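In: The sequence isn't on hand, but the structure is:
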């Protein structure tokens, strides 16, 4: 019997000991108006850049609690995130003041920006929400996990891609390449989302979710067995 999304969300949360609910991300070729994200947004900065939230990764935090649909302008305050999610082309992103700022600071270089994984087809909408509430197969499932969770995920997925800055391109890796990926996070995203210092992110391709959850559960069980053995063995060294 095919597991339901509420069941997969429960199992994934338990196996990785997640403190935040897994988030389902779905890219839509048509505009989704039901549950449309509503925000007054911020006043444009001196370069005219604005958006509904400081960056698209902020939607990952909100998506643990409710389901909503977003469009390109909602993500527009972060041009790097707009690039990786398919809202902007590389040529468009290169003209934005925030991209210029990170290049001039030396945080990334032009070669790294050009090589970033990104969603190939510009979406009309991106829908975020708790995995447990999903009624359609998500393109990507995103989790926020700690070091123990990353250890388990690494053991469950040989060849796991562990990425650095920026954080958002792991969404594109999961969607476009069908690969499980993790990110150590990036300074921009951590400042904008308020992620805890011990949190990292990982993405799982939605169509592979059941398979990956089974592998994670098996690895977690093995790890618990090894931890129990090591704990008992360590008692010989305690006074």
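Out: Cool, got the structure. Since this is a predicted model, take the numbers as computed values, not measurements.
In: buried set for the lengthiest helix in the chain?
Out: In the chain, taking DSSP state H as the definition, the longest helix is helix 209-234. Using 16 or more other Cβ atoms under 10 Å as the test for burial, helix 209-234 gives 209, 212-213, 215-217, 219-220. C-beta here means a position set from N, CA and C on the backbone, and glycine is covered the same way.
In: List the residues that contact the most centrally placed residue in the chain.
Out: Closest residue to the average C-alpha location of the chain: residue 142 at 4.3 Å, with Cα atoms, centre = their mean. Neighbouring residues of residue 142 by Cβ atoms under 8 Å, 6 or more residues apart in numbering: 22-23, 25, 60, 63, 171, 201-204.
In: Confirm that it sits in a strand.
Out: Yes: Residue 142: assigned to a strand according to DSSP: H, G, I helix; E, B strand; the rest coil.
In: If we ignore the residues flanking it in sequence, what's nearest it?
Out: With sequence-adjacent residues excluded and distances taken as Cβ to Cβ, 6 or more residues apart in numbering, residue 142 is closest to residue 23, at 4.6 Å.
In: rewinding a little: for the longest helix of the chain, packing partners?
Out: helix 5-16, helix 147-156 (3 or more Cβ pairs under 8 Å, 6 or more residues apart in numbering; DSSP states H and E).
In: now for these, which one comes closest to residue 130?
Out: Relative to residue 130, the nearest member of the helices and strands packed on helix 209-234 by Cβ to Cβ is helix 5-16, separated by 7.0 Å.
In: Off-centre distance for that closest one?
Out: With Cα atoms, centre = their mean, to the nearest Å as the basis, helix 5-16 stands 16 Å off its chain's centre.
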